[in-house]
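Engineer: Predicted model and sequence follow; I will ask about them next.
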Amino acid sequence: MFTKTLLRKPCPNLVNGITEAKLGTPDYHKALLQHNRYADTLRRLGLEVRILEADNRFPDSVFVEDVAVCTSKMAIITRPGAASRSGETAAIKNTLHSYFNQLESIAPGGTLDGGDVMMVGAHFYIGLSDRTNEEGANQFLNILRKYDMDGTKVTMNDMLHLKTGVSYLENNTLLVSGEFVGHPAFEPFDTITIPPEEAYAANALWINGTVLIAAGYPAAQEKIEAAGYNTIEVEMSEFQKLDGGLSCLSLRF
Ligand code: CIR
């Protein structure tokens with residue numbers, strides 16, 4: 001169960017964030033509204049929500065998931081793979097100090113984005129993406145082992161991040177799409193397959209029994225509900241324009 005979340009308010013410079021989506025430029029005011037509703041939804045689910053100040057130096061800083069990984073025993077400050085995002089970690093470090101006694105970090109040579117890390121209890125799946133290199137993943141695994149946890153590296157070719165295409169919904173159940181459908185790393189799981197035309201909905205968020213999904217993906221929603229979950233839809237259009245999914249907007253612990 002999660003009790004706390006950390007978010008970062010979108011900054012006006014958001015419109016200059018990294019993207020390959022070709023969905024147009026995000027509308028800043030709409031993004032602020034959607035971000036507020038996302039925060040309200042987390043509160044509705046009983047979570048404490050802390051929203052950090054907007055940081056206009058970093059267009060993508062709203063995607064706070066990429067700069068740290070929070071576990072039950074410690075937090076790991078990452079080293080984002082995109083040059084324009086590397087400075088985002090300094091700002092989250094001080095904040096996480098107030099929640100975690102143990103803080104670890106990925107050292108130079110390694111790169112790792114939190115969006116490439118999927119937590120399944122004490123086991124972590126780490127996507128080897130364009131953002132997360134082998135060295136970063138190996139450092140991450142070594143840190144986990146110091147705390148009696150472990151992980152598995154996942155090869156991938158197409159998606160931005162691991163969790164762009166796969167989400168853990170607890171109960172041994174995964175949402176999968178695209179290159180992760182039938183991926184050998186996920187053989188032990190029951191899977192819910194998201195059809196290609198709704199692939200964006202594969203980034204969903206399990207919060208204490210409820211699944212938050214992006215609004216506007218009826219087939220995905222139906223499949224998740226048929227598997228026995230309650231769902232809540234959240235409007236994500238402005239973040240989708242920057243390749244960001246639901247999980248990217250928060251750290252949860
Ligand atoms: C980026 O390319 O870094 C941002 N525009 C999107 C980051 C999305 N984060 C995530 O999937 N965890």
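Structural biologist: Yep, it's here. Residues are numbered from 1 along each chain as shown.

Engineer: partner residues bridging S167?
Structural biologist: For S167, the residues forming beta bridges with it (DSSP bridges) are L175.

Engineer: Contacts only, for it.
Structural biologist: M118, L174, L175, A202, N203, A204, L205, W206, S247 (CB atoms under 8 Å, 6 or more residues apart in numbering). Bear in mind the C-beta positions are built from the backbone N, C-alpha and C, glycine included.

Engineer: Cross the residues you listed against helices and list the overlap.
Structural biologist: Counting by DSSP state H, no part of the contacts of S167 is found in helices.

Engineer: could these go into TSV alongside pLDDT, neighbour count and distance to V181?
Structural biologist: Converted to TSV, those look like this (pLDDT from 0 to 100; neighbours: other CB atoms under 10 Å; distance: CB to CB, whole Å):
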residue	pLDDT	neighbour count	distance to V181
M118	98	23	15
L174	98	23	10
L175	98	26	11
A202	98	29	10
N203	98	29	15
A204	98	28	15
L205	98	27	20
W206	97	20	19
S247	98	23	19
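
Engineer: so can I have a markdown table of the residues you listed showing distance to A21?
Structural biologist: Converted to a markdown table, the contacts of S167 look like this (distance: CB to CB, whole Å):
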| residue | distance to A21 |
| --- | --- |
| M118 | 22 |
| L174 | 24 |
| L175 | 20 |
| A202 | 15 |
| N203 | 13 |
| A204 | 18 |
| L205 | 20 |
| W206 | 24 |
| S247 | 16 |
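
Engineer: from those residues, which is closest to the ligand?
Structural biologist: Taking CB to the nearest ligand atom as the measure, the ligand sits nearest to S247 out of the contacts of S167, at 6.1 Å.

Engineer: now the closest one: how far from G151?
Structural biologist: According to CB to CB, to the nearest Å, S247 and G151 sit 17 Å apart.

Engineer: With W206 instead?
Structural biologist: 19 Å.

Engineer: need the residues of the stretch 101-250 of the chain near the ligand, please.
Structural biologist: Contact residues (CB under 6 Å from any ligand atom) of the stretch 101-250 of the chain with the ligand: G115, L160, H161, T164, L242, D243, G244, G245, C248.

Engineer: Can you lay out these as TSV showing distance to N230?
Structural biologist: Below are these laid out as TSV (distance: CB to CB, whole Å):
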residue	distance to N230
G115	25
L160	28
H161	26
T164	24
L242	28
D243	27
G244	24
G245	20
C248	22
